[in-house]
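A.B. asks: Quick one, structure for this:
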Amino acid sequence: MITKCSNCGTHVPKDVALRLVHEGATHEFCSAKCADLQFRDVLPQLPPLPRRILVAIDGSGPSVRAVEMAAQLALAGHGEVTLLSAVDLGWLRGVAMQSEAGVKLDARLDEIEGVLRGNAASELERCKRMCEQAKVPCTTRIEVRPPLEAILDAATSADLVVMGSRGRDALATSSLGSLAQRVITGTRTRVLVVH
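C.D. replies: Here you go, the predicted structure:
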């Protein structure tokens, strides 16, 4: 069976036609483009997809799933992804200053920072490969400062922040509240939390 496009009049097989019902009347179209042209003023306008997407990475399962989600969004919106990992030594410096073993620990902080940076770089490289496989432009950043501070600063130049619902540090999460919650309340940039 053949039907006629409601917009351009092209004949199209009925089983291929795009069918829309508006105010009780059925309209058939040869393509989504024709349907859009016909109903452009009637359909609700959706906000544009984000083009600059920031993903906070900590190596946890939810943060890896956040990369997958960000890559899909970036691909759909012809955007790009920035992967950010923050290495925080603040708590360790506090321990070093308050303990008798602090002198020995303080001498090793550079070595510990190097190991943490190496771990972060490895995790970022793995996530970058995920973006590259999805054919999404991707850059990586490692910052040596508290994660909340690093994410909030980077969020100012992003359209969307994507992050996991729960990080690796369960103790900090339970005592300080989730990092995702603190990012949501600390920025005006949209935040997508992935479980």
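
A.B. asks: these two touch, right, Val87 and Pro146?
C.D. replies: No. In this structure, Val87 is not within contact of Pro146 by C-beta atoms under 8 Å, at 9.7 Å. (Each C-beta comes from the backbone N, C-alpha and C, glycine too.)

A.B. asks: Of these two, which one has the most company?
C.D. replies: More crowded of Val87 and Pro146, by other C-beta atoms under 10 Å: Val87, with 21 against 16.

A.B. asks: which one's the longest helix in the protein?
C.D. replies: Ranked by number of residues, the top helix in the chain under DSSP state H is helix 102-133.

A.B. asks: buried ones in the first helix or strand past it going along the chain?
C.D. replies: Using DSSP states H and E, the helix or strand that follows helix 102-133 in sequence is strand 138-143. Buried residues in strand 138-143, counted by 16 or more other C-beta atoms under 10 Å: Cys138, Thr140, Ile142, Glu143.

A.B. asks: okay, the angle between strand 138-143 and helix 102-133?
C.D. replies: Angle between the axes of strand 138-143 and helix 102-133 is 170 degrees (criterion: axes from the mean of the first three to the mean of the last three C-alpha atoms, to 10 degrees).

A.B. asks: which helices and strands sit right next to the helix or strand just after strand 138-143?
C.D. replies: Counting by DSSP H and E, the next helix or strand C-terminal to strand 138-143 is helix 147-155. Helix 147-155 is packed against strand 52-56, strand 80-86, strand 160-164, helix 179-186, with contacts defined by 3 or more C-beta pairs under 8 Å, 6 or more residues apart in numbering; DSSP states H and E.

A.B. asks: would CSV of the ones you listed with mean neighbour count and distance to Cys127 be doable?
C.D. replies: Shown next, in CSV, are the helices and strands packed on helix 147-155 (neighbours: other C-beta atoms under 10 Å; distance: least, C-beta to C-beta, whole Å):
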stretch, mean neighbour count, distance to Cys127
strand 52-56, 26, 7
strand 80-86, 23, 5
strand 160-164, 26, 11
helix 179-186, 17, 17
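
A.B. asks: can you redo these as CSV with mean pLDDT?
C.D. replies: Supplementary listing: the helices and strands packed on helix 147-155 in CSV, determined by pLDDT from 0 to 100:
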stretch, mean pLDDT
strand 52-56, 98
strand 80-86, 97
strand 160-164, 96
helix 179-186, 94
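
A.B. asks: can you put these in a markdown table and add distance to Ser31?
C.D. replies: Output for these, formatted as a markdown table (distance: least, C-beta to C-beta, whole Å):
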| stretch | distance to Ser31 |
| --- | --- |
| strand 52-56 | 30 |
| strand 80-86 | 29 |
| strand 160-164 | 30 |
| helix 179-186 | 40 |
